[in-house]
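>>> My questions concern the predicted model and sequence given below.
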Amino acid sequence: MERPIRERFEYLKKNALKDFPGMDEKKGTTIYVGTATCGRSAGSLEVLSSFEDILKTLNIEARIIKVGCHGHCYAEPMAVVSKPGWPPIMYGYLTPNRAQILIRRFFNEEDPALEWALGAMEENDMVPTVYETPRWSRERRWLLKNCGCIDPEDINHYIAVGGYEGLMYAIKMEPGGIIEEIEAAGLRGLGGAGFETWKKWNICRDAPEFPKYLICNADEGDPGAFMDRTILESDPHSIIEGMIIAGYAIEAESGYIYVRKEYPQAVSVLTTAVCQARELGLLGKNILDSKISFDIKINQGAGAFVCGEETALIASIEGKRGVPKPRPPYPANRGLWEKPTLINNVKTLASIPKILAYGAEKVSSVGMEGCMGTAVFALAGKIKNAGLVEVPFGTTLRKIIFDIGGGIPPVIKASNVAGELQKTIKKQFKAVQIGGPSGGCLPESLLDTPVCFDTIVDTGAIMGSGGMVVLDEDNCAVETARYFLEFTQKESCGKCTFCRIGTKHMLNILADITRGAGIMEDLDLLEELAETVKQGSLCNLGKTAPNPVLTTLRYFKEEYEAHILDKRCPSLECKDLIAYYIIPEKCQRACDACVGSCPTEAIYTRRDRLKAIDQEKCVKCANCVDACPAQYDAVIKISPISQLPESEPRDDNRSN
């Protein structure tokens, strides 16, 4: 039976290779434009249209392919130009105008416009490769290997680069053998919990009831996290292939992909991918005439953060309100429609084909003890090179943030009124919020912590799904804790009293502290409430919601004390504890830059023709700080407000 199956697949692969241009110059000029959500938001569709226009104008025969996201979102819009006689070159920071100039220079003058190039995509003697750059050289791209390199809406591209080979290996194995291979690879759930994947699969496989179900949890709701979205939009067939293999291993024939409706591009790409897989016989009854039968439905969630929790997700698919249930029983024993159900995250399922294709030994050779393989993180916030990074487990936070992410970007400010000169203001790293809104803030002293589920938990945070929000000296630890707790409090389903009322009480206390109305006893009360909420909540939303508060209290307690005792915000962020002030000695009479920037006309002219701020009118928008030329730096923030000098009277004879 195996030979006909393999022959059918080889036929599919042969056709796929005919269609896939790859980076083969023999197939002519090909331009790959990143059109995932991050690229589109940066203007990639306009860049693509510009490429089409200039190619038509110059009568150049070329193929344009829409691809996903490489993960280097800081450089969007991006494109790769593969031209005969040259290595394929990746370009970043493109605009419609640059796209036209690039094509004119490259094709008319043989000038590849290297000032916009990030590097070549393969070894050559002319252009340095992207793999030599600090960002690429430190990554280990397994899960993101295909992202940005193939058309996610063309199944032939996926097959041509080795897709569905893992399924071919699985077909030759027994279900128990697949689970043993997953165990040998050391794969843990990449959605945040880090539970050993093979154990979860075994529990579901051993459950006596049928039918069994498989759910891909693609309900990514963490602010600043976009790992799952990128894979869904850029490499959907890796998830489909992983689901087929997992379904075979646990003897399930039906699967669901639960993805939030707020990801329209992901839903569209997934819908196309599922239809194409069915057309080629890779989904449905007796896949490729094998004994495996499996099909997938796409279920769109309404965007509730709590539906990332397994039992709430199941309730949502069943058409009920997304509210967590007590566990046990666990979904692996009794889940969707009261039947055994396996739920895995996007990244976990996308890992399965790689494990079977590469072999468990290769996968387990990367990483650290207890956390093998690679992890994908989303870098956001005050970071120079925002985007996705895939690194081996065990890589330190310092290496991810500074060596790969580029560290804290400086603030660039106009140095004179005309804006002709610029001044660079360096900023210092303060903390990294890891694990999403339920994660924790870790200070610089913990940057040498290796990333692994267990080591991060030891710091008081969680690895979560992989979101990292970087904070600098201008971010207040107390306000950060309040912001994330406000998010989780609003997203609470309200079922548990501890979560519903406890987080609200904590939020009120934090709000008081940021307003300067806190007392020292609040700190002990916050810790007491946090521990109570963690112990009394039913699901992990409530159990982890206090983490931002507990970690900031643990590592930045002096900031809480400054807010309470001195009514001062050290980071000058909390609006109720700061005031804006124009230093008379620095203000220039001939400069009116700040006046026009104020939306409430709070800036007035004093009798000596210098500027001052009417504190009653000031809404603390910071426009005046940004508008004041760096050569003067006359506008500053002051905290506590009690240090604010008395204001000078207006010049009533002069209009503002």
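In hand now; what should we look at?

>>> Spell out the secondary structure type for Gly242.
Three-state assignment for Gly242 (DSSP: H, G, I helix; E, B strand; the rest coil): helix.

>>> The residue lying closest to Arg63 once chain neighbours are set aside pairs with what?
Closest residue in space to Arg63, ignoring its immediate chain neighbours: Thr30 at 4.7 Å, by Cβ to Cβ, 6 or more residues apart in numbering. (Each C-beta comes from the backbone N, C-alpha and C, glycine too.) Counting by DSSP bridges, Thr30 is bridged to Arg63, Ser82.

>>> Am I right that Thr30 is in contact with Lys66?
No: in this structure Thr30 lies outside contact range of Lys66 using Cβ atoms under 8 Å: 11.8 Å.

>>> host element of the residue nearest to Met368 when sequence neighbours are not counted?
Nearest residue to Met368, sequence neighbours excluded (Cβ to Cβ, 6+ apart): Gly394, at 3.4 Å. Using DSSP states H and E, Gly394 falls within no helix or strand.

>>> Regarding Gly394, what are the backbone dihedral angles?
phi 100, psi -10 (degrees, to the nearest 10).

>>> What is the neighbour count of it?
18 (other Cβ atoms under 10 Å).

>>> Worst mean pLDDT across the helices and strands of the chain, which element?
strand 411-414 (a mean of 76; mean pLDDT, DSSP states H and E).

>>> Other residues contacting that one?
Contacting residues not belonging to strand 411-414 are listed as Leu421, Gln422, Lys423, Thr424, Ile425, Lys427, Asp626, Pro629, Ala630 [Cβ atoms under 8 Å, 6 or more residues apart in numbering].

>>> mind redoing it with 10 Å?
Residues external to strand 411-414 that are found in contact with it (Cβ atoms under 10 Å, 6 or more residues apart in numbering): 382, 419-427, 472, 474, 593, 625-631, 633.

>>> just checking, which of these belong to helices?
Cross-referencing the contacts of strand 411-414 against helices under DSSP state H gives Ala593, Val625, Asp626, Ala627.

>>> Return the distance of the residue nearest to Trp86 when sequence neighbours are not counted relative to His157.
Nearest residue to Trp86, sequence neighbours excluded (Cβ to Cβ, 6+ apart): Pro112, at 6.4 Å. From Pro112 across to His157, the span is 25 Å (Cβ to Cβ, to the nearest Å).

>>> what's the answer for Lys66, then?
Distance from Lys66 to His157, by Cβ to Cβ: 11 Å.

>>> Now do the shared contacts for these two.
In contact with both Lys66 and His157: Asp151, using Cβ under 10 Å, 6+ apart.

>>> Of these two, which one has the most company?
More neighbours surround His157 than the other of Lys66 and His157, with 23 against 17 (other Cβ under 10 Å).

>>> Go ahead and list the helix or strand containing the more buried one.
Short version, using DSSP H and E: His157 is in helix 155-160.

>>> List of residues touching that helix?
9, 12-22, 65, 67, 146, 149-152, 154, 163-165, 235-238, 240-241, 272-273, 275-277, 279-280, 282.

>>> Sort out which of the residues you listed are in helices and list them.
Short answer: these in helices (DSSP H) are 9, 12-19, 165, 236-238, 240-241, 272-273, 275-277, 279.

>>> Which ChimeraX command selects the buried ones in those?
A single ChimeraX command selects the buried members of the ones in helices among the contacts of helix 155-160 (16 or more other Cβ atoms under 10 Å):
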select :9,12,13,16,165,236,237,238,240,241,273,276,277
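
>>> Doesn't Arg105 belong to a helix?
Yes: secondary structure assignment places Arg105 in a helix (three-state DSSP).

>>> That one: how many residues sit nearby?
Neighbours around Arg105, by other Cβ under 10 Å: 13.

>>> What separation do you get for it and Gly43?
21 Å.

>>> Strands along the stretch 251-400 of the chain, start to end?
In the stretch 251-400 of the chain, the segments counted as strands under DSSP state E, counting those that start in this stretch are 254-260, 295-301, 341-345, 367-368, 371-372, 374-381, 387-392.

>>> what's around Glu318, how many residues?
Glu318 - counted by other Cβ under 10 Å - has 13 other residues nearby.

>>> right, I mislabeled it, should have said Met78
Using other Cβ under 10 Å: Met78 sits among 27 other residues.

>>> close enough to count as contact, it and Cys69?
Yes: using Cβ atoms under 10 Å, Met78 is in contact with Cys69, at 8.3 Å.

>>> Need the residues touching each of those two.
Gly34, Thr35, Cys38, Gly39, Ser44, Gly148.

>>> now for the helix or strand harbouring Glu52, which elements pack on it?
Applying DSSP H and E as the criterion places Glu52 in helix 44-57. The contact analysis (3 or more Cβ pairs under 10 Å, 6 or more residues apart in numbering; DSSP states H and E) places helix 44-57 against strand 29-34, helix 37-42, strand 62-67, strand 79-82, helix 96-108.

>>> and Ala562, what pLDDT?
Per-residue pLDDT puts Ala562 at 98.

>>> now do the one 4 residues further on
In this model, Asp566 is scored at 96, pLDDT.

>>> Please determine how far it is located from Glu479.
Taking Cβ to Cβ, one finds Asp566 at 16 Å from Glu479.

>>> of those two, who's got more company?
Glu479 (22 against 14).

>>> Straight-line length of stretch 495-510, end to end?
Start to finish, the residues bounding stretch 495-510 are 23 Å apart (Cα to Cα, to the nearest Å).

>>> ok, back up a step: just the angle between the helix holding Glu52 and strand 29-34, please?
160 degrees (axes from the mean of the first three to the mean of the last three Cα atoms, to 10 degrees).

>>> what's the span of stretch 539-554 from first residue to last?
24 Å.

>>> Can you give me the buried ones in that stretch?
In stretch 539-554, counting by 16+ other Cβ under 10 Å, buried: 539-553.

>>> separation between the residue nearest to Pro409 when sequence neighbours are not counted and Lys320?
Distance criterion Cβ to Cβ, 6+ apart; nearest residue to Pro409, sequence neighbours excluded, is Lys384 at 4.4 Å. Applying Cβ to Cβ, the value for Lys384 to Lys320 is 45 Å.

>>> follow-up on the earlier one: is it true that the residue nearest to Arg63 touches Phe51?
No: taking Cβ under 10 Å as the definition, Thr30 is not a contact partner of Phe51, at 11.3 Å.

>>> More neighbours: these two, which one.
More crowded of Thr30 and Phe51, by other Cβ under 10 Å: Phe51, with 22 against 19.

>>> tell me which element Thr600 falls in.
Applying DSSP H and E, one finds Thr600 in no helix or strand.

>>> Same question for the one 4 residues further on.
Assignment of secondary structure by DSSP H and E places Tyr604 within strand 603-605.

>>> Check which helices and strands the next helix or strand after that strand sits against.
Sequence-wise, the next helix or strand downstream of strand 603-605 (DSSP H and E) is strand 611-613. Helices and strands touching strand 611-613, by 3+ Cβ pairs under 10 Å, 6+ apart, are strand 579-582, helix 593-597, strand 603-605.

>>> could I get those as JSON lines with mean pLDDT?
Below are these laid out as JSON lines (pLDDT from 0 to 100):
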{"stretch": "strand 579-582", "mean pLDDT": "96"}
{"stretch": "helix 593-597", "mean pLDDT": "92"}
{"stretch": "strand 603-605", "mean pLDDT": "94"}
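
>>> In a markdown table, list the ones you listed along with distance to His505.
Listed next are the helices and strands packed on strand 611-613 as a markdown table, based on distance: least, Cβ to Cβ, whole Å:
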| stretch | distance to His505 |
| --- | --- |
| strand 579-582 | 30 |
| helix 593-597 | 39 |
| strand 603-605 | 40 |
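
>>> Let me have the ones you listed in a markdown table, extended by mean neighbour count.
A markdown table is the format used below for these (neighbours: other Cβ atoms under 10 Å):
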| stretch | mean neighbour count |
| --- | --- |
| strand 579-582 | 21 |
| helix 593-597 | 18 |
| strand 603-605 | 22 |
